[in-house]
Every structure is written in structure tokens, then in C-alpha cells.
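Undergrad: mind looking at a prediction? Sequence and model below.
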2 protein chains.
Amino acid sequence: MIIHSNLDFSFGAFPSSVLITRGLPTLSRIREDWKEEGPFNPLLVCDEHTLPLARKISGGEKVPFCVIPSGEKFKTWPQVETILKEAREAGLGRDGVFIAVGGGVLSDLTAFAASVYMRGAKIVFVSTSLLSMVDASLGGKTGFDLFGIKNLAGTFYPARHIYIALESLISLPPAEWKAGMAELIKTAVIEGDSFLDQVDSLREEYTSGDFSPGFPQSFIRDLMNSKTETLLSCITLALSCKGRIVGSDPQEKGEARVLLNLGHSFAHALESSAGLGSVSHGEAVAWGIARSCELGLALGITPWDRAERISTSLRNWGYEITVPHPLVQDKEKFMKALGSDKKKRGGQPVFVVPNQFGAQLVYGGTGDKTLLESILTQIMNGEINF
Amino acid sequence: MIIHSNLDFSFGAFPSSVLITRGLPTLSRIREDWKEEGPFNPLLVCDEHTLPLARKISGGEKVPFCVIPSGEKFKTWPQVETILKEAREAGLGRDGVFIAVGGGVLSDLTAFAASVYMRGAKIVFVSTSLLSMVDASLGGKTGFDLFGIKNLAGTFYPARHIYIALESLISLPPAEWKAGMAELIKTAVIEGDSFLDQVDSLREEYTSGDFSPGFPQSFIRDLMNSKTETLLSCITLALSCKGRIVGSDPQEKGEARVLLNLGHSFAHALESSAGLGSVSHGEAVAWGIARSCELGLALGITPWDRAERISTSLRNWGYEITVPHPLVQDKEKFMKALGSDKKKRGGQPVFVVPNQFGAQLVYGGTGDKTLLESILTQIMNGEINF
């Protein structure tokens, strides 16, 4: 069990440090940590939900703010332009420090803006959502949606410092807990069963699995009593795992980072065939992990007991993992969406499946194409049971 | 004298090769050169002036085109979006190859779009203006104007291959010759007198110095007769010099690249105090080089005979270098613009002045601030004569 953690990573030429704290960092703490980096000319970027947190961080200090609307549908160029404009109006130079206070959407937008402002300003995150804490904050992917395509425009630009303040989870809605937890489970499956054990302990500590308001309530109680070891340990393990994978291929030139897409090919196909927004990304990822277990079983890569262990955990967390998914009756539409997923290498789809100890890639090479297709059809027909 | 040249550079993690050819490269030549880089899925990007050149490059091959309006005033986000949209509609992936056929504005826009498309696609330039051939094409600076600020948004993203096709200069307007020539002289001053000698030879070969239509005519004649050695040699020397400087600091983190701003602090102040657009950038740079000679003289850094040599060359090329500039009678406005130039380090302005062999930086440190200001005032009063 980890009871305190600061993690230092290096992604290509970019150092990236994670500092996990119980309370929110103050601006003077962030300034103090920045000392060795040069001048500290900050711009606090937040959305309407995280504005109170950003205000708390500023501690009443007079500092430029930029507030943008929250949510995926505002992950677009006009918000990038707003951030750039506020930076300009605040008189920031290339040594300006953009501080994103929020979840994944806000940090992706702010980091993109920082990465292009005067050809590259500085970026710091204060992560406020579980999804961002366990996954999105680390690894340097920035971006925004364009022409209806998620993250069509973006850069690789890791944040220099990432503050993970557990306190900010107090106000996190249940749906956002569920979204973050699915990515946490994903990483635990990649990393191995001892991590998955910790994720299960987390469930036993906090929730009966229904993400009812009881989750945040019991969490707040433990936070107040400084009993957050299991969560802290899970976040640390998730970031360590992601950092190791990203570090081996910071700009996604090879296939190392594809591993982090466990369950995502199925998830994206589910989201797009069910109609964007009708299934949350977290729900879709959990459902997709179950499908990748079935694929691994059919290919003889996933041992039966591991598939069972993973799907039990998913069910206990309250995720819907039955097939066909209640919202997707049209199997053909789903199969078509699966075929057009962007995670392809050389024109062939790549899947990630759990193996004995972690997870591995499976290539839809020409030789196996018919086999793969027939297995996928079996999966969608619910013919692979375990 | 150089009679043929291919130059290979490396900027951080980015290799960048320049291939100088007499005629335009064909698409099949570009494809052939791309062989080792991976798949070749091109998008030709051009403006209305370079569309005929882009068509010639395509050789009738069916290939996606993107035509954007030309000129600095269109160096804005909507054009970036157009390029990204065409790339998307052409079905390009991250291995898509954006081929920019044009001058500096077009290549800056296209390279920016490529640098953010799916977090980084591929970029190739076919340089068609002298300015781009001797300066803008190399070194990885991409960008566009925002809120009236030049290149407020941008990235560092060098082109993998840069084709310099002398043939494309045939249709270059005299004003564009003049703009490119000023940057060529700038680089020659930085590099030393033997390079400046070659630039002077170029003038003697082609023009009486007035950039009249005789320049392109006599150039075309020589191009037809394959007598372009002096120009080829000048372009090669300019790119070698710039490549060496950029290579030592690809992302402009230190001060090496500041050297390339010789004359530019004065030029930007002239352009902004005369009203943007009333003096061409090339004219302004030439005028600024003369002022930096005077600054160097007053500081005892520029030898008298070198200042004389440089200003004689500028005058012979037909540049207006008298002080005050006919278009700027308001010295105070000029001095204010000079003070707010963005090339500052630690709040103090940095100037570049010619020295005995090349050029060097001069810092407006606190101790010398009064001295520097008094010299600048003397320069603007025309009190430093040589």
C-alpha cells in the first residue's frame, strides 16, 4: 500500500512530475515548486464547475483567470481561442504558465493552447476528476474535436507539473466516478492481478457497486479522516503503469501506447452505434473490456479464470457487460463501426486482449482475417460464454 | 561556387533535407524520395498563385488538392481549418503527407496544420519564393496570426523534405524578389564577407539594383541556359548558415536563433510606426540592417569599413536606408515601437549588430540602458554618420 507519492517521468525531452496531495495546492505552493523552471507568470484556466476550486487555489491573490464552458461538446477551437486571447490580454510571454484546473477535457484544451502559444508556453495541471487523475492528465496528449471527430487536432505536450488533489473529488458527480473507475480497471487489467485486487478493495471500502451518492459520501468521510490509502495507491499504480508505457513511445510512433486502448475498440464502436452520448465512455470501456476478454478466450490468449476474474470485477462495480448491449440491437451497424475504428496499423485492425499476467496486442493480419471476423461475429451473437 | 547541392539537417529529433533543383519536382519524384519514410498519402496545398505550379507537380495524377487564399492577411485560423478539413475529407491518417507549394505564408500555415493533424502528420515543402528559399522554409517555425499579432499561435515542426525549384522564381513579382534579397543580405552579413561578395556578384549578374522587370528576365535567360550557379550558391550558403544556427537551438530556448533577427528589431519598429503594409518587410529589414550597423559603430563593435561595405551593398541593391525613414517622421512613435519589440530577454531588449567577421548580440542590460537609449536616439536623429 502506498501512503504518499510523488512521481517523476520523462517523455522524450519533456520532464513531467506528479504530486499527489490531499488538499488543493495553493498558488504559492505551485510558485514554489516552479522555482527552478524560471519566471512564474500564471494564467488560471477553469470551467464553471471548477471555478470555485481555481478561486481557492488563487487564495485571493490577484491573478488572471480564464473560464470556459465545461463538457465534451465545448472541446472545440473557440475555447482554445478564448484561452489564447486571455493569455495575450494578461500579457503572457513564452514563459507564461498556463494552469489548467479541471478534468480531461479542460486539460486537453488548455495544454493544446499552451503548446501553440508563441510556439510553446508552459503548462501545469491541477486534476480534479478521477478520469484525469488515473489516466488523462499524464502522457502529453492534447487536443480538441473538429468536424465531429474527437481530438482531430492536437499535439504531444506533457504538463511539467501535475497536481492530484484528492479533495477535489468531493464534488465529483457519480457518473464521473464511474467514467474514471472504468479507466482505472482497464489499467489494472493491463498491469496485473495484484493491482486489480486493490481496485476491488477500493470498491469494498466505498461502495456497494452502484455508484450511488453513498460513494462520494463514504469517500468524503475517509478523506476527512485521512484514510485514503487505497485510492492513493490505485492512482499511483495507474500513473506508474501509464507513465512506463508512454515513456517507451512518447509520440505514439510505435505500438506501445496501443496497449492503453484495451477495450476501447469495442467501446468506440458501441458509443458510435448506440448514438454518441447515449452510453457514457466509462460504461462503454467497461463493456469493451468484457468483449476483449471473450476475444482473448476465443484466441486462446486469455485464461478462462482470468476472464472470469475480470468480468466479475466489472459486474461488481455495477457495469452493464451483457451482450448484445441493451442499446445496440443492430449487430451489422456495430460490426461496421468496429471495422472503421481508427486504431489500425497498416490498414488492419489491432485489438488488445488480456493474457495470463496483463494484456497484449492481437493483429487482424491478412491470414487471420476470416478467423478474426468469425470470432467477432460469435462475440456479438453472445456465443462465447464464460 | 556551388553548382549542385542537397543539404541534410537535423533539428532535435527532426531530420530535414533540402533538395535544390532547376525544375519543379514531380509527384513521382517526391514519392520516390519519400520511400524510406513510409506510406505516401499526399495532400497538395497551394494558393491561387501557386495552383498552376501544384498542377504541374501533380502531372495530371489524381491527388487531393487544397487551395487557400494567398497573402499575410489570410494567415489566420480559418485557412488552417480549411487545410485540416481537406485532409480529413481526403481520408488522410497520421501518415498523410501535406505538401505545401508556395512561399513562407503558405508553408507556415500548412506546416502548422500538419503539426496538429491527428497530433502530427508529415510535411513537405516545395518553396516557390526567394524569401522562402533562403530563409522561411528551413528551421521548423510554423504559425498563424491571431488577434492582430504575427504568429501568435504556432509550433516547431520542421519539414522532412524541402524542394527548392529555381524554375518557380520565373513568375515571382519584383517586390517578392526584393523581400527575399533582404533576408539573403542579412544572412550574408551574419556569415561573413565572402558570402556578401557572392550576393554582390548576383546583383552584378542580374540587375542594376532597381528590381525592375529586367531582373526576372535576365534570370529566366540564365535559367534557360542553366547558368544559375551564383544564385544556387547563395541559397546554399544562406540555408547552411541558418541550419547551423537553428540546429544549435531548434526550439529557440536559448539565444542562438536571435542572431537571425539582425536588423529585425528596427524593421519591426519601422513597419509598425509607418503603419503595417506601407513598407514591405524586405525594405524594412534592409533599412534595419543599416541601423544595426550604426548601433554597432557607436558601441565600437562594428568596424567602420564593414559598416561602409554593408551599407554600400544595401544601397546598390536599391534599398532606401536613409534616416529618418521618409515614412516615419514621428521619432517618438518609432522609439516606443522599438521598446515594445518582442525580442526581449529578461525584460531587456536584445539587438544584433555586425562585428568584424559576422554579427553578434548586444544586450540592453540595466547598466547600459541609458547608454543604449542615448545611442538609439542619436541613430534616429541621424547623428551617426558613416
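TA: Arrived safely, thanks for sending.

Undergrad: get me the contact residues on chain A for chain B.
TA: Within chain A, the residues that sit near chain B (Cβ under 8 Å from any Cβ of the partner chain) are A:12-13, A:77, A:81, A:84-85, A:88, A:93, A:112, A:115-120, A:141-143, A:146-147, A:149, A:151-156, A:251-252, A:342. C-beta coordinates here come from the backbone N, C-alpha and C atoms, glycine included.

Undergrad: restricted to buried residues, select those residues in ChimeraX.
TA: A single ChimeraX command selects the buried members of those (16 or more other Cβ atoms under 10 Å in any protein chain shown):
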select /A:77,84,88,112,115,116,117,118,119,120,141,142,143,146,151,152,153,154,155,156,251,252
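
Undergrad: let's see which of the residues of chain A next to chain B end up in helices.
TA: Within the residues of chain A next to chain B, residues falling in helices by DSSP state H are A:77, A:81, A:84-85, A:88, A:112, A:115-116.

Undergrad: could you dump those residues to JSON lines with pLDDT?
TA: What follows is those, written out as JSON lines (pLDDT from 0 to 100):
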{"residue": "A:77", "pLDDT": "98"}
{"residue": "A:81", "pLDDT": "98"}
{"residue": "A:84", "pLDDT": "98"}
{"residue": "A:85", "pLDDT": "97"}
{"residue": "A:88", "pLDDT": "94"}
{"residue": "A:112", "pLDDT": "98"}
{"residue": "A:115", "pLDDT": "98"}
{"residue": "A:116", "pLDDT": "98"}
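
Undergrad: got a list of what residue A:296 touches?
TA: By Cβ atoms under 8 Å, 6 or more residues apart in numbering or on different chains, the contact set of residue A:296 is A:302, A:307, A:353-355, A:362.

Undergrad: determine which two of these are furthest apart.
TA: Farthest pair in those (Cβ to Cβ) is A:307 and A:362. Separation: 14.4 Å.

Undergrad: so, low pLDDT: which residues of chain A?
TA: Along chain A, segments meeting pLDDT under 70 span A:1-3, A:207-217, A:219-220, A:223-226, A:276, A:340-348, A:365-370, A:386.

Undergrad: hey, where'd the strands end up in it?
TA: A:6-11, A:14-21, A:41-47, A:65-68, A:96-102, A:122-127, A:144-146, A:149-153, A:161-165, A:344-345, A:348-354, A:359-363 (DSSP state E).

Undergrad: which other residues reach the first one?
TA: Residues external to strand A:6-11 that are found in contact with it (Cβ under 8 Å, 6+ apart): A:15-20, A:138-140, A:156, A:158, A:236, A:239-240, A:243, A:246-247, A:250.

Undergrad: now the fifth one
TA: Strand A:96-102 is contacted by residues A:30, A:34, A:40-47, A:49-50, A:53-54, A:57, A:70, A:83, A:87, A:90, A:106-107, A:109-111, A:113-114, A:117, A:121-126, A:128-129, A:132, A:159 when judged by Cβ under 8 Å, 6+ apart.

Undergrad: just checking, residue A:154 touches residue A:141?
TA: Yes. Between residue A:154 and residue A:141 a contact is recorded at 6.5 Å, counting by Cβ atoms under 8 Å.

Undergrad: common neighbours of those two, please.
TA: Contacts common to residue A:154 and residue A:141, judged by Cβ under 8 Å, 6+ apart, are A:108, B:119.

Undergrad: gap between residue A:117 and residue A:83?
TA: 8 Å (Cβ to Cβ, to the nearest Å).

Undergrad: next, the distance between the ends of stretch A:310-326.
TA: 21 Å (Cα to Cα, to the nearest Å).

Undergrad: care to break chain A down by domain?
TA: With domains defined by automatic domain parsing, chain A comprises A:6-177+A:209-247, A:262-380.

Undergrad: and the longest one, how far from the chain's centre?
TA: I take that to be domain A:6-177+A:209-247. 12 Å (Cα atoms, centre = their mean, to the nearest Å).

Undergrad: one more: the shortest one?
TA: The offset between the C-alpha centroid of domain A:262-380 and the centroid of the whole chain comes to 18 Å, using Cα atoms, centre = their mean.

Undergrad: end to end, how far does it reach?
TA: So domain A:262-380: terminal residues 18 Å apart, Cα to Cα.

Undergrad: and for stretch A:62-72?
TA: 30 Å.

Undergrad: check which residues of it are buried.
TA: So for stretch A:62-72, counting by 16+ other Cβ under 10 Å, buried means A:63-66, A:68-70.

Undergrad: same list (those residues) but as JSON lines, adding distance to residue A:384.
TA: Listed next are the buried residues of stretch A:62-72 as JSON lines, based on distance: Cβ to Cβ, whole Å:
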{"residue": "A:63", "distance to residue A:384": "56"}
{"residue": "A:64", "distance to residue A:384": "55"}
{"residue": "A:65", "distance to residue A:384": "52"}
{"residue": "A:66", "distance to residue A:384": "49"}
{"residue": "A:68", "distance to residue A:384": "44"}
{"residue": "A:69", "distance to residue A:384": "43"}
{"residue": "A:70", "distance to residue A:384": "39"}
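
Undergrad: from those residues, pick the one nearest residue A:298.
TA: residue A:70 (40.9 Å).

Undergrad: do I have it right that the closest one meets residue A:105?
TA: Yes. Contact criterion Cβ under 8 Å: residue A:70 and residue A:105 qualify, at 7.1 Å.

Undergrad: next, count neighbours for residue A:333.
TA: 14 (other Cβ atoms under 10 Å in any protein chain shown).

Undergrad: how far away is it from residue B:356?
TA: 74 Å.

Undergrad: equivalent analysis for residue A:260, please.
TA: Taking Cβ to Cβ, one finds residue A:260 at 57 Å from residue B:356.

Undergrad: comparing these two, which residue is more hemmed in?
TA: residue A:260 (20 against 12).

Undergrad: now for the more buried one: which residues touch it?
TA: A:186-187, A:190, A:242, A:245-246.

Undergrad: that one and chain B, how far apart?
TA: Distance of residue A:260 to chain B, given as Cβ to the nearest Cβ, to the nearest Å: 15 Å.

Undergrad: what number of residues lie near the residue lying closest to residue A:71 once chain neighbours are set aside?
TA: Of all residues not flanking residue A:71 in the chain, residue A:105 sits nearest, at 6.7 Å (Cβ to Cβ, 6 or more residues apart in numbering or on different chains). Per other Cβ under 10 Å, the neighbour tally for residue A:105 reads 25.
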